[in-house]
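> coordinates for the following, if possible.
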Amino acid sequence: WYDYTTDLYSEQRRLVNISAQLPTGKIIKMSLNNKIIWRNQKWIINSASINMTTGQVRFELLNDV
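Sure thing, here's the model as predicted:
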């Protein structure tokens with residue numbers, strides 16, 4: 001738990017909210033423990049709100065420190 005708690009309260013930790021339009025195949029294969037690359041940085045998916053009819057996904061991302 002040490003790594004988790006130190007990362008959680010690190011001053012370098014950032015939380016961002018973004019929206020994306022994803023194909024259904026990508027949405028089905030996605031899980032919350034996945035890491036994504038956005039703007040040349042690694043991000044951890046903290047939460048995702050998905051609209052399956054439109055493919056619109058709202059991500060809450062934590063930077064990978």
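> please list all residues in contact with the spatially most central residue of the chain.
With distances taken as C-alpha atoms, centre = their mean, I45 lies nearest the centre of the chain, 2.2 Å away. When contacts are counted by C-beta atoms under 8 Å, 6 or more residues apart in numbering, I45 touches M30, S31, L32, N33, N34, K35, I36, F59, E60, L61. (Each C-beta comes from the backbone N, C-alpha and C, glycine too.)
> what does I27 give?
So I27 contacts I50, M52, G55, V57 (C-beta under 8 Å, 6+ apart).
> list the buried ones in the strand ranked longest in the chain?
For the chain, the strand that runs over the most residues, judged by DSSP state E, is strand 41-51. The neighbour-count check on strand 41-51 (16 or more other C-beta atoms under 10 Å) flags W43, I44, I45, A48 as buried.
> reformat the residues you listed as TSV; add distance to L22.
Converted to TSV, the buried residues of strand 41-51 look like this (distance: C-beta to C-beta, whole Å):
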residue	distance to L22
W43	15
I44	17
I45	12
A48	10
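> ok, of those residues, which one's closest to S10?
Proximity of the buried residues of strand 41-51 to S10 (C-beta to C-beta) peaks at I44, which lies at 12.8 Å.
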